[in-house]
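>>> I would like the atomic coordinates for the input below:
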Amino acid sequence: MNDFFALYECLIEEIHSNRPITATLTGSLWACVSADDRCGMAMATPGSTVPPVYPQGFPGLPLAQAAAALKSWNLEEASLALAAINAALNTAERVQAGNNYVPLEIHYTDDLDFTGKTVGVVGHMRGSKRMHQQAKQIYYLERDPKQGDYPDPACEVLLPQCDIVLITGSSLINKTLPRLLALSCDAYTVLTGPSVPLCPALLDFGIDRLAGLAITQPEAARAHVAQDLPGSPYRLGLPFVLSK
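Residues are numbered from 1 along each chain as shown. Next up, the predicted model:
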């Protein structure tokens, strides 16, 4: 990708909402942006060593203006910017209009054939039982590796060997996504998690599938973030899948 921020600019240009942001929350795991009855979530990503684009914060800004901070290298701010984008794009109306809803009990990879495949998983996602049964090899790659994980520099070597790559949506925030997609250019790629925007234009950048979440219980989502409640936030909305 010649222009590093091309994917980001394309996503930001999809946000036209002038709804003002009414509140923001950042917990240890998730960031949340509210705009009246809208609510968007994204992974809370630490990192505030450089000044934010909007030092006064997001409340009062239109969603479209806040979205531009996704390009910020202040990652705490970029987390909120992605949550603002998701407040604009990840709505029940858009999920239903595109027929993108997938029941929670159906895994977003259930229709993929992993038989004999080498799979790369970027982020702490364990994947489906069927993936583990069928895949020849699974590499877990993580910036904060746990036992059995490969550190993220191993992406340079391992991802080009993969047939299927699952990438956490938080890679949009820490700006690793463009490089991950370049390394996975010969693989089927899935961008997944509550941080993922319902943005068809992203499928033009080497992503084959988007799997995310539209929040339909905003009060519960805000409590989930503010109180650092355990468990997945997927029960708080409509899971969606959008494929090429």
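>>> which ones are touching the residue nearest the centre of the chain?
Centroid-nearest residue in the chain: residue 169, 2.3 Å away (criterion: Cα atoms, centre = their mean). Neighbour list for residue 169: 42, 43, 82, 191, 192, 193, 194, 195, 196, 212 [criterion: Cβ atoms under 8 Å, 6 or more residues apart in numbering]. The C-beta positions use only the backbone N, C-alpha and C, and glycine is treated the same way.
>>> State the helix or strand in which the fourth one lies.
Put plainly, it is residue 191. strand 188-192 (DSSP states H and E).
>>> what's the pLDDT at residue 126?
Looking at residue 126, its pLDDT reads 80.
>>> C-terminal to the longest helix belonging to the chain, which secondary structure element comes first?
Longest among the helix segments of the chain by residue count, using DSSP state H, is helix 75-89. Once the chain leaves helix 75-89, the next helix or strand it forms, by DSSP H and E, is helix 92-97.
>>> re earlier: could you give the angle of the next helix-or-strand element following the strand holding residue 191 to helix 75-89?
Sequence-wise, the next helix or strand beyond strand 188-192 is strand 209-215, with elements assigned using DSSP H and E. Strand 209-215 runs at 80 degrees relative to helix 75-89, counting by axes from the mean of the first three to the mean of the last three Cα atoms, to 10 degrees.
>>> Show the contacting residues for residue 243.
Counted by Cβ under 8 Å, 6+ apart, residue 243 has contacts 203, 208, 209, 210.
>>> let's go with 10 Å and repeat that
If you count contacts by Cβ atoms under 10 Å, 6 or more residues apart in numbering, residue 243 has them with 100, 108, 111, 112, 188, 190, 203, 207, 208, 209, 210, 211.
>>> Surely the fifth one is in contact with residue 181?
No - no contact is recorded between residue 188 and residue 181 when judged using Cβ atoms under 10 Å, the distance being 11.9 Å.
>>> intersection of neighbour lists for the two?
165, 207.
>>> and the closest residue to residue 227 other than its chain neighbours, how many residues sit next to it?
Spatial nearest neighbour of residue 227, chain neighbours left out: residue 27 (7.7 Å); criterion: Cβ to Cβ, 6 or more residues apart in numbering. With neighbours defined by other Cβ atoms under 10 Å, the count for residue 27 comes to 15.
>>> likewise the one 3 residues further on?
For residue 30, the neighbour count with other Cβ under 10 Å is 22.
>>> so how far is residue 24 from it?
Applying Cβ to Cβ, to the nearest Å, the value for residue 30 to residue 24 is 12 Å.
>>> Mind listing the shared neighbours of the two?
Common contacts of residue 30 and residue 24 (Cβ under 10 Å, 6+ apart): 79, 83, 225.
>>> if we can go back for a sec, for the contacts of residue 243, name the two members farthest from one another.
Using Cβ to Cβ, the contacts of residue 243 span at most 18.2 Å, a distance reached by 100 and 188.
>>> sorry, back to before: which among the contacts of residue 243 end up buried?
100, 108, 112, 188, 190, 203, 207, 208, 209, 210, 211 (16 or more other Cβ atoms under 10 Å).
>>> Skip the chain neighbours and tell me the closest residue to the third one.
Just to be clear, that refers to residue 112. Spatial nearest neighbour of residue 112, excluding adjacent residues (Cβ to Cβ, 6+ apart): residue 164 at 6.6 Å.
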